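Undergrad: quick one: sequence and predicted model below, then my questions.
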Amino acid sequence: MSETGEDDWEADDVEARLAAEALIVDVDGFEGPLDLLLTLSRTQKVDLRKVSVLQLAEQYLAFIDQAKALRLELAADYLVMAAWLAFLKSRLLLPPDPSEEGPSGEDLAAHLAFQLERLAAMREASAKLMARDQLGRDFFARGIPEDVTRVRRVTYSATLLDLMQAYSRIRTKDDFRPFVMDREKVFTMEQALDRMRGLIGFAGDWTELISYLPEGWEADPVKRRSATAATFAATLELVKAGQIELRQGDVFAPIQIRKKGT
Amino acid sequence: MDDKVNETLFEAPPMAEQERMVEAILFATAEPITVRELEARMPHGSDPAEALVYLKKRYEGRGVQVMRVGDAWAIRTAGDLGFLMQKETIETRKLSRAAIETLAIVAYHQPVTRAEIEEIRGVSVSRGTIDQLIELEWIRFGRRRMTPGRPVTFVVTQGFLDHFGLENARDLPGLKELRSAGLLDNRPPPGVGAALDDDEDESPDGQDELFED
Amino acid sequence: MDDKVNETLFEAPPMAEQERMVEAILFATAEPITVRELEARMPHGSDPAEALVYLKKRYEGRGVQVMRVGDAWAIRTAGDLGFLMQKETIETRKLSRAAIETLAIVAYHQPVTRAEIEEIRGVSVSRGTIDQLIELEWIRFGRRRMTPGRPVTFVVTQGFLDHFGLENARDLPGLKELRSAGLLDNRPPPGVGAALDDDEDESPDGQDELFED
């Protein structure tokens, strides 16, 4: 079988050689070695299932040789395929070595034939696919699509309370005065600072901060809160100025202060 | 004459086919299309005007309609199904201060003219505010005032009463109640109180007819 | 008793009316619409799937067709009338041979990994080819393959089906023949069998659901 394969190749007509040369010129046009093999297999003019893989391997190797002779640059994968086909060819030609492991030459050849057939099938399938009626070419979608419009409907709401408040506002607007904070119950930090400056001279020992609150501000909780905050802030100012020291034994424990440098 | 008819008969596709063609073109074109344009695209001798008559008839009562748009034709959603093309989102907004104040004045003083509303608010009332309240169906036009210029008056509607859960505009709390509810400042400026009382005393006359059940 | 009241409250429109609604919605959009989307836009209790059956029948042989695209539906002009539409034709970028073949391989072998595409074509697939097909919205990422490296797979999209007028991936031309000829098998090269066995066991499952209704 191998002999006849050789002979076929040797005896091949001029036409085939010319075709092979045409392939070489077009080497950039191939999508890889498998594509090239598929093209070469067509020159055997047989059904892909009956293709002679041995002959195909020889065709391919001849192609590579000619390309080399013409000093055409071939991508590495074409050379890898050439090496593999040379190996396959030797496997197919030599009697199988029982000690050797791995797939037989026939298995490898069958797989290559399968790959070629599969590639050819996908080529045909893609041609069929592209031959189908296509959207925007043969059949068409709606030319004036109406998108779903999002309608935002605004409803206004008001409650009876809004209404009454609005009316009250109108009827009392003559009384209106710009909003000012009611300072009656606010002890400012400035006030606290003034007060503390006068007092720290006497704070040689640790004294609780709370004892520095201004008189008359302890009873009313609102006033007490404001005075405490102001006094504490003033204390921090004085610590920053290096005039007093500050300590607290524990979380929420009383805060104590004393004059610095005692 | 007969020759012409024959010619057309032989060249043009059957009317049913022409109708299909018009249907496909109307569907696919990005813009409404004129009979002349249809003619230009269809096989020689076609009569798109006639095909359109059949097609229009075929779509009668369907979900889409063959409609004339100016001197062109298009397929459009049937008018009654427009709601399918919209997704409604309802957004609730608070009425503007001007609107709520105007509404309050109409409610408390109806029937009231625009000039009166402006006098009470101390600022002019924009057309938009009145329009908005009318659109909300919370106020409507009342009878004209029998004074020079015969100005229109505004009154609140049943819709207003429904919305605010009132049987009747007279159910609106009076100034005294507003005051005791803490909604009015406790200290009316001197003199205003009396004026308000007058107001309250006086208004029932004008309002009676409106507040009648 | 209460149930009855509720039922009547939410009574769906008559089927003829539902058919009109589906018709209007399908006409209005260029993109295929799923039954679920139709349901969401139609009145409560509507059965667009049934309405679609009637509508599809109604348009048989017309200039436009009701077409199934995967699990969605669209109206498209009849394929035989394409010649009327030169004006509507959108010049699309011509796909390279590599892109066309890659697309076909994804369609017929889905879900398919990049390595498998390369194995079939016998050449590496450039990033650009995959990107182009993804950009056209003809292929998308499928589930990862449960094999070492968990490679991503590619599958075709609804847009692909729509573009090529396929109801379903099973309608791909020659799919059955290719399958029975064993040409869609993921046949590993001899000697590498063991390593790829897992792959083979798993892929038919994955494919089944894609080619299922």
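TA: Looks like it arrived, so ask away. Residues are numbered from 1 along each chain as shown, chains lettered A, B, ... in the order given.
Undergrad: for B:Asp80, give me its contacts.
TA: Contacts for B:Asp80 (CB atoms under 8 Å, 6 or more residues apart in numbering or on different chains) come out as none. In short, each C-beta sits where N, CA and C put it, glycine included.
Undergrad: so it lies in a strand, does it not?
TA: No. According to DSSP: H, G, I helix; E, B strand; the rest coil, B:Asp80 belongs to no strand; its state is helix.
Undergrad: next one: it, what pLDDT does it get?
TA: Note for B:Asp80: predicted pLDDT of 89.
Undergrad: against A:Ala227, how distant is it?
TA: Separation of B:Asp80 from A:Ala227 (CB to CB, to the nearest Å) stands at 73 Å.
Undergrad: ok, B:Asp171 next?
TA: To A:Ala227, B:Asp171 is 49 Å away according to CB to CB.
Undergrad: which one's more surrounded, the two?
TA: Comparing B:Asp171 with A:Ala227 by other CB atoms under 10 Å in any protein chain shown, the one with more neighbours is A:Ala227, at 26 against 12.
Undergrad: which element is that one on?
TA: Assigned by DSSP states H and E, A:Ala227 belongs to helix A:221-240.
Undergrad: tell me the angle the following helix or strand past that helix makes with helix A:221-240.
TA: The helix or strand immediately downstream of helix A:221-240 is strand A:244-248, counting by DSSP H and E. Relative orientation of strand A:244-248 versus helix A:221-240 (axes from the mean of the first three to the mean of the last three CA atoms, to 10 degrees): 120 degrees.
Undergrad: how many residues are close by whichever residue of the stretch 151-262 of chain A sits closest to chain B?
TA: Per CB to the nearest CB, A:Tyr167 is where the stretch 151-262 of chain A lies closest to chain B, at 3.9 Å. A:Tyr167: 25 surrounding residues under other CB under 10 Å.
Undergrad: for it, which non-adjacent residue is spatially closest?
TA: Nearest non-adjacent residue to A:Tyr167, counting by CB to CB, 6 or more residues apart in numbering or on different chains: B:Ala104, 3.9 Å away.
Undergrad: again, but for A:Ser41
TA: The shortest distance from A:Ser41 to any non-neighbouring residue, by CB to CB, 6+ apart, is to A:Val51 (4.8 Å).
Undergrad: now do the helix holding A:Ala227: which elements does it pack against?
TA: The contact analysis (3 or more CB pairs under 8 Å, 6 or more residues apart in numbering or on different chains; DSSP states H and E) places helix A:221-240 against helix A:189-199, strand A:244-248, strand A:255-259.
Undergrad: contact partners for B:Ala74?
TA: With contact taken as CB under 8 Å, 6+ apart, B:Ala74 is in contact with A:144, B:26, B:29, B:31-33, B:66-67.
Undergrad: filter these down to the ones near chain C?
TA: B:Thr29 (CB under 8 Å from any CB of the partner chain).
Undergrad: most widely separated two among the contacts of B:Ala74?
TA: Using CB to CB, those span at most 15.1 Å, a distance reached by B:Glu31 and B:Val66.
Undergrad: between these two, who's got more neighbours?
TA: For B:Glu31 versus B:Val66, neighbours defined as other CB under 10 Å are more numerous around B:Val66 (21 against 11).
Undergrad: how many other residues sit next to A:Met196?
TA: 22.
Undergrad: how about the nearest residue to it, chain neighbours excluded?
TA: A:Met196's closest residue in space is A:Ala234 (CB to CB, 6+ apart), at 4.9 Å.
Undergrad: which residues touch the host helix or strand of B:Thr102?
TA: Assigned by DSSP H and E, B:Thr102 belongs to helix B:97-109. Outside helix B:97-109, the residues that touch it by CB under 8 Å, 6+ apart are A:156, A:158, A:162-164, A:166-167, A:169-170, B:95, B:112, B:116-117, B:120-121, B:123, B:125-126, B:129-130, B:132-133, B:138-139, B:154-156, B:160, B:169, B:172, B:203.
Undergrad: tell me the buried residues within the residues you listed.
TA: A:156, A:158, A:162-164, A:166-167, A:169-170, B:95, B:112, B:116-117, B:120-121, B:125, B:129-130, B:132-133, B:138-139, B:154-156, B:160, B:169, B:172 (16 or more other CB atoms under 10 Å in any protein chain shown).
Undergrad: the longest strand along chain B pairs with which strands?
TA: When chain B is parsed with DSSP state E, its longest strand is strand B:86-94. Taking DSSP bridges as the criterion, strand B:86-94 forms sheet pairs with strand A:149-157 (parallel).
Undergrad: picking that back up, among the contacts of helix B:97-109, name the ones in strands.
TA: Of the contacts of helix B:97-109, the ones assigned to strands by DSSP E are A:156, B:112, B:139, B:154-156.
Undergrad: so where is chain A shaky, pLDDT-wise?
TA: For chain A, applying pLDDT under 70 flags the ranges A:1-26, A:147-148, A:151, A:153, A:173-183, A:203, A:262.
Undergrad: so which residue of it comes closest to chain C?
TA: Nearest residue of chain A to chain C: A:Leu34, at 2.4 Å (CB to the nearest CB).
Undergrad: what's the local residue count around that residue?
TA: Using other CB under 10 Å, A:Leu34 has 21 other residues around it.
Undergrad: and it, how close does it get to chain B?
TA: Plainly put, A:Leu34 is 42 Å away from chain B if you go by CB to the nearest CB, to the nearest Å.
Undergrad: which residues touch the residue of the stretch 151-262 of chain A closest to chain B?
TA: B:101, B:104-105, B:107-108, B:178.
Undergrad: likewise B:Ile25?
TA: Taking CB under 8 Å, 6+ apart, we find B:Ile25 in contact with B:33, B:38, B:41-42, C:63, C:84-85.
Undergrad: per-residue pLDDT of it, please?
TA: B:Ile25 is assigned 94 on the pLDDT scale.
Undergrad: run the angle between the helix or strand where it lies and helix C:15-28 for me.
TA: Using DSSP H and E, B:Ile25 maps to helix B:15-28. Orientation check (the same axes, to 10 degrees): helix B:15-28 against helix C:15-28 gives 60 degrees.
Undergrad: following helix B:15-28, which helix or strand shows up next?
TA: Next helix or strand after helix B:15-28 toward the C-terminus (DSSP H and E): strand B:33-34.
Undergrad: averaged pLDDT, that following strand. What do you get?
TA: Averaging pLDDT along strand B:33-34 yields 92.
Undergrad: could you tell me the end-to-end distance of stretch A:200-216?
TA: 20 Å (CA to CA, to the nearest Å).
Undergrad: list the buried residues for that stretch?
TA: A:200, A:203, A:207, A:209, A:212-213.
Undergrad: just stretch A:133-140 next, same as before
TA: Using 16+ other CB under 10 Å as the test for burial, stretch A:133-140 gives A:133-140.
Undergrad: pick the one among the contacts of A:Tyr167 closest to chain C.
TA: For the contacts of A:Tyr167, the nearest to chain C is B:Ala107 (35.0 Å; CB to the nearest CB).
Undergrad: ok, how many other residues are close to that closest one?
TA: 25.
Undergrad: now the residue most central in space within chain B: phi and psi?
TA: Nearest to the mean C-alpha position of chain B, counting by CA atoms, centre = their mean, stands B:Glu135 at 7.4 Å. With angles defined as degrees, to the nearest 10, B:Glu135 sits at phi -60, psi -40.
Undergrad: roughly how far does it sit from B:Thr129?
TA: Using CB to CB, B:Glu135 is found at 11 Å from B:Thr129.
Undergrad: please apply the same query to B:Ile75.
TA: Going from B:Ile75 to B:Thr129 by CB to CB gives 43 Å.
Undergrad: verify the stated contact: A:Leu54 with A:Ala109.
TA: Yes. Taking contacts as CB atoms under 8 Å, A:Leu54 lies within contact range of A:Ala109: 7.3 Å.
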